[in-house]
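Chemist: kindly return the folded structure for what I paste below:
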Amino acid sequence: MALSRARRWAIWLAGGVIVIAALAVGGTYFYIHVVSGPAPAALSLKPGSPAASTSSAGTSSSPSTAAGGTAGTLAGSWKAGTGTVVGYRVKEVLLGQNNIAVGRTSSVVGTLTISGTKVTAATFTAQMATIKSDQSQRDAQFNGRIMDTARYPTGTLRLTSPIELAPLPATGAVKVYHASGEFTLHGHTRPVSFALSAERTAAGIEVSGTIPVVFAQYSIPNPSFGSFVTTASSGELEFLIKFTHA
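Modeler: From the prediction side, this is the model:
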């Protein structure tokens, strides 16, 4: 009798564990796909005219016919202005459900110098503790054990090689350029090379792009949290910088 009762308790216990697990997975699925919804779209340029087109570096996309007519000078000093956003994008698995974690901040300062048709200097700095996602628990992990923002409060990107812009694009035309720089994150500085898209607008210059970040290269602990959340070994820095004259 006692053995039979013990077996029933074992069956009930196993059934309860299965139900709890199913509820956890189902609840996670519901939160990710219904409550939270899809991750924000990647930061990118939105050309301001149907006439805008994209070209590779060093080629023109018919600037005389693009919005704004022929191109003029861009020489001078520029600064990151309103609408500038920097953040991260990381693939994660949350209780078996695929998800994309996105955190962003507009607390960015930056300068850009153009001499003639060449970008000669650029530096951008983001306040790491101001980067926020859609989950306060994720932000707490980000600020604490992952990025240790109290010890490493900023992330900085500095251009190390000039970028030739000629032929200068017309307003509304998007061009793709190659950039080389140094990226400082979590107290470590590494060389980076990446493509960026640039658009001349009526208000100034807009630039967007992504930079792959391998966590181990910056001594960043893998963001995985036990068996609850697992992530890949890398993520992406994404940026949209809107420049106005300094």
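
Chemist: flag the shaky bits of this protein, pLDDT-wise.
Modeler: Applying pLDDT under 70 to the chain flags residues 1-37, 47-72, 95, 226-227.

Chemist: which residues in it form strands?
Modeler: Along the chain, the segments classed as strands by DSSP state E run 54-55, 76-80, 85-94, 97-105, 108-115, 118-127, 154-159, 163-164, 174-185, 188-200, 205-214, 229-231, 234-245.

Chemist: of those strands, which is nearest residue 42?
Modeler: Comparing the strands of the chain against residue 42 with CB to CB, the closest turns out to be strand 234-245 (5.9 Å). Every residue, glycine included, has its C-beta placed from N, CA and C.

Chemist: and the residue nearest the centre of the chain, what does it touch?
Modeler: Central residue of the chain (CA atoms, centre = their mean): residue 238, 2.6 Å from the mean position. Neighbouring residues of residue 238 by CB atoms under 8 Å, 6 or more residues apart in numbering: 42, 43, 86, 87, 88, 89, 208, 209, 210, 211.

Chemist: isn't the second one up against residue 242?
Modeler: The one in question is residue 43. No: assessed by CB atoms under 8 Å, residue 43 is found out of contact with residue 242, at 11.0 Å.

Chemist: got the domain ranges for the chain?
Modeler: Using automatic domain parsing, the domains assigned to the chain come out as 1-37, 39-245.

Chemist: show me the beta-bridge partners of the residue nearest to the centre of the chain.
Modeler: Taking DSSP bridges as the rule, residue 238 bridges to residue 87, residue 210.

Chemist: the one 5 residues further on now?
Modeler: Following DSSP bridges, residue 243 is listed with bridge partners residue 80, residue 205.

Chemist: count of residues packed around it?
Modeler: Using other CB atoms under 10 Å, residue 243 has 24 neighbouring residues.

Chemist: same question, residue 230
Modeler: Counted with other CB under 10 Å, the neighbours of residue 230 add up to 16.
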